[in-house]
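> please work out how this folds:
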Amino acid sequence: MPVIDDLNLSPVTRVVIWEINESLHALESKVVLSEDSLKLLNQKKSEIHKKQFLAIRNIFKFLCFDDKDLKYEKAGKPIFSQNKRLSISHSGNYASVIISDHNVGIDIEKISDKTIKIKDKFLDIELNYPQELNNQISLVYWNIKESIYKAVGITGIDFKKNILALPLDINATKCKSWYVNNDDIYSFETHFRISKNYTLAFVIKN
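A predicted model of the protein is given here:
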């Protein structure tokens, strides 16, 4: 079983991380896809994108949810017909899902230098913190901001102006973060992880 983590954060919130080490055929053989999901799968060109898609569906099965019950709201946010809130993310050979009764977001990124190269595009006050902004720290800030973007679920969010995260303690697994837009201020229970191969963050709207 390629589930490498299964976090029961509360009776209503759960996070699952999957490391993709199966063949495409093995992933596909373990799930029954809805007609809509089959169309989406066939539209994907590369093998890794097909694997990521199928890994997410395998996580749904692991969580005892049926792929045919997956729906999308107008803004594109996925939701199960039982009104469970849902967020998904994948990068390289990793896939992740958070499911909850609350608005949630999750983002996983394979370790790379891509975010530190564009740090000025998505970081603002975070650039002034007295900590070394290396590849991993910048990735976690991206994870957090992408997760909040998914949890808020509206278009036009400016990662620099509308999303704030406090300095990260790399020895901890939590920090504080907010979405701020004029009079709209939302706080999030924010968790993060720095692994050898990936960084991850997920948020739960307070």
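> so how far is stretch 9-23 from its chain's centroid?
11 Å (Cα atoms, centre = their mean, to the nearest Å).
> and if you look at stretch 144-158?
Centroid separation between stretch 144-158 and its chain, computed with Cα atoms, centre = their mean, is 11 Å.
> span of that stretch from start to end?
13 Å (Cα to Cα, to the nearest Å).
> dihedrals phi and psi, N42?
phi -70, psi -20 (degrees, to the nearest 10).
> tell me the contacts of the nearest residue to T199 once chain neighbours are set aside?
In this structure, T199 finds its nearest non-sequential neighbour in L139, 4.2 Å apart by Cβ to Cβ, 6 or more residues apart in numbering. Placement of C-beta: from N, CA and C, glycine included. Residues near L139 by Cβ atoms under 8 Å, 6 or more residues apart in numbering: 109, 111-112, 115-116, 199.
> ranking the residues you listed by neighbours, who comes first?
T199 (26 neighbours; other Cβ atoms under 10 Å).
> these two touch, right, it and S112?
No: using Cβ atoms under 8 Å as the test, T199 is too far from S112 to be in contact (9.8 Å).
> the residue nearest to T199: what secondary structure?
helix (DSSP: H, G, I helix; E, B strand; the rest coil).
> need the pLDDT of it.
In this model, L139 is scored at 98, pLDDT.
> distance of it from L168?
11 Å (Cβ to Cβ, to the nearest Å).
> now do the helices in the chain.
Remark: helices assigned in the chain by DSSP state H are 24-29, 35-43, 47-62, 114-117, 119-122, 135-152, 159-162.
> find the nearest non-adjacent residue to the residue of the chain most remote from its centre, please.
Using Cα atoms, centre = their mean, the residue of the chain lying farthest from its centre is P130. It sits 26.9 Å away. Of all residues not flanking P130 in the chain, P167 sits nearest, at 7.7 Å (Cβ to Cβ, 6+ apart).
> hang on, that neighbour packs against Q131?
Yes: P167 is within contact range of Q131, at 5.7 Å (criterion: Cβ under 8 Å).
> can you list the low-confidence ranges for this structure?
1, 75 (pLDDT under 70).
> on that earlier part again, turn the helices of the chain into a markdown table, including distance to R193.
A markdown table is the format used below for the helices of the chain (distance: least, Cβ to Cβ, whole Å):
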| stretch | distance to R193 |
| --- | --- |
| helix 24-29 | 24 |
| helix 35-43 | 28 |
| helix 47-62 | 17 |
| helix 114-117 | 16 |
| helix 119-122 | 20 |
| helix 135-152 | 8 |
| helix 159-162 | 20 |
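> winner for burial among those helices?
With neighbours defined as mean count of other Cβ atoms under 10 Å, the helices of the chain peak in mean count at helix 135-152, which reaches a mean of 24.
> just give me how far that helix sits from the chain centre.
Using Cα atoms, centre = their mean, the offset of helix 135-152 from its chain centre is 9 Å.
> got the domain ranges for the chain?
With automatic domain parsing as the criterion, the domains of the chain are listed as 3-101, 107-205.
> tally of neighbours for D124?
D124 - counted by other Cβ under 10 Å - has 14 other residues nearby.
> the closest residue to it other than its chain neighbours and N58: what is the separation?
Leaving aside its sequence neighbours, D124 sits nearest to K160 (Cβ to Cβ, 6+ apart; 4.3 Å). Per Cβ to Cβ, K160 is found 36 Å from N58.
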